[in-house]
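Chemist: starting from these lines, generate the structure:
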Amino acid sequence: MGVNGLQYDLAESVFVTGFLIAINFLNRHFISLL
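Modeler: Numbering: from 1, shown residues only. The predicted structure is shown next:
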């Protein structure tokens, strides 16, 4: 439980971080395209 929960939290945090970076990246390019 503890190890699996830790792995899940780590994977979730990595996913959220990557998602935010992708949104930030797209926003920068969208503004530059305008």
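Chemist: mind checking the pLDDT average for stretch 19-34?
Modeler: What stretch 19-34 shows for mean pLDDT is 89.
Chemist: what about the helices in the chain?
Modeler: If you assign secondary structure with DSSP state H, the helices in the chain sit at 2-33.
Chemist: tell me how many other residues crowd residue 30.
Modeler: Residues near residue 30, counting by other Cβ atoms under 10 Å, number 9. Just so you know, the C-beta spots here come from the backbone N, C-alpha and C atoms, and that holds for glycine as well.
Chemist: and what of residue 27?
Modeler: The burial metric for residue 27, expressed as a neighbour count using other Cβ under 10 Å, is 10.
Chemist: pull the contacting residues for it.
Modeler: Taking Cβ atoms under 8 Å, 6 or more residues apart in numbering as the contact definition, residue 27 lies against nothing.
Chemist: now it: how far from residue 15?
Modeler: For residue 27, the distance to residue 15 under the criterion Cβ to Cβ, to the nearest Å works out to 19 Å.
Chemist: got it, and residue 7?
Modeler: 12 Å.
Chemist: could you do residue 25 as well?
Modeler: Applying Cβ to Cβ, one obtains 15 Å for the distance of residue 25 from residue 15.
Chemist: for residue 6, same thing?
Modeler: When distance is defined by Cβ to Cβ, residue 6 is 15 Å away from residue 15.
Chemist: and if you look at residue 26?
Modeler: According to Cβ to Cβ, residue 26 stands 16 Å off from residue 15.
Chemist: and if you look at residue 28?
Modeler: Summarising the geometry, the distance separating residue 28 from residue 15, computed by Cβ to Cβ, is 21 Å.
Chemist: per-residue pLDDT, residue 7?
Modeler: pLDDT recorded at residue 7 is 85.
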